[in-house]
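> return atomic coordinates for the entry below.
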Amino acid sequence: MKKPTVELKLPILPNMELIATQTAEVIARHMHLTDDQSGEISMALIEACINAFEHSKTDSNVFIHFLIEEDSLVMKVIDQGVGFDKTKVEIPKIENKMGKDERKRGWGLQLIQELMDSVEFESNSDGTTVTMKKNIKH
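Prediction:
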């Protein structure tokens with residue numbers, strides 16, 4: 001049997017990541033996930049979408065694929081932007097952020113990796129694909 005797949009095509013507009021999280025919540029219910037699992041998936045998805053919206057430097061769409069597997073949910077967030085070099089992404093030092101009005105940004109990639117069971121980044125000048133997997137413990 002073919003694995004069910006849900007595909008979204010989102011324009012880069014404010015709050016469009018909420019469509020992705022609403023879809024993820026419906027899929028999480030379908031898969032009988034816990035509220036914690038659903039919340040972790042939504043949080044990781046928001047981070048990946050916001051990164052795609054902010055850093056792709058394009059006005060094309062962001063595509064999200066949800067692959068429903070027997071023991072996991074795989075999500076791909078795909079943009080057609082400029083790409084990035086993961087080795088050049090710096091995780092901010094917490095002491096530089098504490099007590100400052102500086103926006104508490106720059107944690108997205110690390111947060112995604114902590115929330116999901118596996119994360120892969122593929123990026124080149126044609127765009128970036130972030131593949132996130134959440135294993136389901138029944």
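
> what residues sit buried inside the helix or strand containing residue 24?
Assigned by DSSP states H and E, residue 24 belongs to helix 17-30. Residues of helix 17-30 classed as buried: 17, 20-21, 23-25, 27-28 (neighbour count, 16 or more other C-beta atoms under 10 Å). Where you see a C-beta, it was placed from the backbone N, CA and C, and this is true even at glycine.

> same question, stretch 49-63
Under the neighbour-count criterion of 16+ other C-beta under 10 Å, stretch 49-63 has 49, 51-53, 55-56, 61-63 buried.

> give me the contact list for the longest helix along the chain.
Among the elements of type helix in the chain, defined by DSSP state H, the one spanning the most residues is helix 35-55. When contacts are defined by C-beta atoms under 8 Å, 6 or more residues apart in numbering, helix 35-55 is touched by residues 10, 12, 16-17, 20-21, 24-25, 28-29, 33, 62, 64, 73, 75, 77-79, 81-82, 84, 108-109, 111-112, 115-116, 128, 130, 132, 134, 136.

> kindly recompute the last result at 7 Å.
Identification of contacts with helix 35-55 by C-beta atoms under 7 Å, 6 or more residues apart in numbering yields 12, 17, 20-21, 24-25, 28, 62, 73, 75, 77, 79, 81, 84, 108, 111-112, 115-116, 128, 130, 132, 134.

> tell me who's in contact with the nearest residue to residue 27 once chain neighbours are set aside.
In space, residue 27 comes closest to residue 66 once its chain neighbours are excluded; the distance is 5.4 Å by C-beta to C-beta, 6 or more residues apart in numbering. Contacts for residue 66 (C-beta under 7 Å, 6+ apart) come out as 5-6, 23-24, 27, 73, 75.

> hey, what's residue 66 bridged with?
When bridges are assigned using DSSP bridges, the partners listed for residue 66 are residue 6, residue 75.

> look at it and report its pLDDT.
Among the per-residue scores, residue 66 shows a pLDDT of 98.

> now the one 4 residues further on
At residue 70, the pLDDT value in this model is 91.

> same question for residue 53.
Residue 53 carries a pLDDT score of 89 in this model.

> so the helix holding residue 24 versus helix 35-55, what angle?
150 degrees (axes from the mean of the first three to the mean of the last three C-alpha atoms, to 10 degrees).
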